[in-house]
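Undergrad: Sequence first, then the predicted structure:
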Amino acid sequence: MAERELSGVPAPLVDVYDALSRRTVLFPGLVFVCVVLGWEFVIPALGVESYILPTPSEILSSLVSEFSTIIEHLQYTLRAFAYGFTMTVVGGYALALAMSQSSVVETVLYPYVIGARSVPIITLLPIFIVWLGFGFPSIVAIGFLISFFAMVVNSLSGFKSTDDELIEMIRSFSGNRREVFLNVYLYSSLPYVFAGIKICVILSFTGVIAGEYLVGMNGIGYLILQYNNNFATPEMFAAILSISAIQLLLFGLVVAIERTVVNWDSRVSGGV
């Protein structure tokens, strides 16, 4: 569209048009439309039953009919995710900060962090059941532990990326540890911290879903399992679609916060 044609269009709509005109948006969008249309018309033509692979229209219809049930279980899942994710971010950041400030703490704890990360968290589920029982506490524990080590490692990398000369300069002006942290460690670590948070959003949510599969009596993971047991495949796909949408929203929220907070880093503030 020529600039002359856009002269009377409000600025926000022009921005939307510019965004949709980019190849990075246009081409994937066209591929998505083609895949959905092919899925909608080719699968029934091949005689594939809906309990094996439902069409997009059947999935959307199931999403509408099961919306209240899906939302009810999603609320349970999001509550477990909120607990586990908060524990991950706060605990992982605090541990990384402690290790960055004390070589003794890092020497003692870092091998255990790496060693614990090598253990598949799902294999610890029987221990969680013995300690915490079935249900919500064990689900939160899985969501927490499956993402905790990523937060520690990324945050520690951020703290170690600080400029030693800048630290010495602040100390030479009688800056205390709090001022050094606020003016050097905090700023230099934020891009790494947000990278860890973005990873943890996916890992923690995935861990919660896995926990609901295995020990849950509520939650979207438990609901998907029930749909699967009843061969309600369109409803199962609808629940999976809702999970994907929620994860994208959560990830997008973190990205938006990152671009607002880390506004001095061109790698973050620019591009996608």
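TA: That came through fine.
Undergrad: where in the stretch 101-250 of the chain is pLDDT low?
TA: Applying pLDDT under 70 to the stretch 101-250 of the chain flags residues 163-184.
Undergrad: Helices along the chain, start to end?
TA: With helices called from DSSP state H, the chain shows them at 11-21, 23-45, 56-65, 67-101, 103-117, 125-132, 136-160, 164-172, 177-180, 186-215, 220-229, 233-261, 266-269.
Undergrad: Of these, flag the one that's most buried.
TA: Neighbour counts averaged per stretch over those are highest for helix 136-160, at a mean of 24; criterion: mean count of other Cβ atoms under 10 Å. C-beta coordinates here come from the backbone N, C-alpha and C atoms, glycine included.
Undergrad: So for this structure, the centremost residue is which one?
TA: Geometric centre of the chain, nearest residue: residue 201, 2.4 Å, by Cα atoms, centre = their mean.
Undergrad: from what I can see that one touches residue 250, true?
TA: Yes. When contacts are counted by Cβ atoms under 8 Å, residue 201 is listed as touching residue 250 (5.1 Å).
Undergrad: Return the distance of the nearest residue to residue 93 once chain neighbours are set aside relative to residue 97.
TA: The spatial neighbour of residue 93 that comes closest, neighbours along the chain excluded (Cβ to Cβ, 6 or more residues apart in numbering), is residue 155 at 5.1 Å. Noted for residue 155: a distance of 7 Å to residue 97, by Cβ to Cβ, to the nearest Å.
Undergrad: Equivalent analysis for residue 227, please.
TA: Using Cβ to Cβ, residue 227 is found at 43 Å from residue 97.
Undergrad: Repeat that for residue 128.
TA: Counting by Cβ to Cβ - residue 128 and residue 97 are separated by 27 Å.
Undergrad: repeat for residue 189
TA: According to Cβ to Cβ, residue 189 and residue 97 sit 9 Å apart.
Undergrad: what's the answer for residue 130, then?
TA: 32 Å.
Undergrad: domain ranges for the protein?
TA: Domains of the chain are assigned by automatic domain parsing as 11-45, 56-269.
Undergrad: pLDDT score assigned to residue 30?
TA: Per-residue pLDDT puts residue 30 at 82.
Undergrad: so residue 73 makes contact with residue 220?
TA: Yes. With contact defined as Cβ under 8 Å, residue 73 counts as touching residue 220 (4.7 Å).
Undergrad: so what's residue 98 up against?
TA: 105, 109 (Cβ atoms under 8 Å, 6 or more residues apart in numbering).
Undergrad: switch the cut-off to 10 Å
TA: Shown in contact with residue 98 (Cβ atoms under 10 Å, 6 or more residues apart in numbering): 105, 106, 109, 156, 159.
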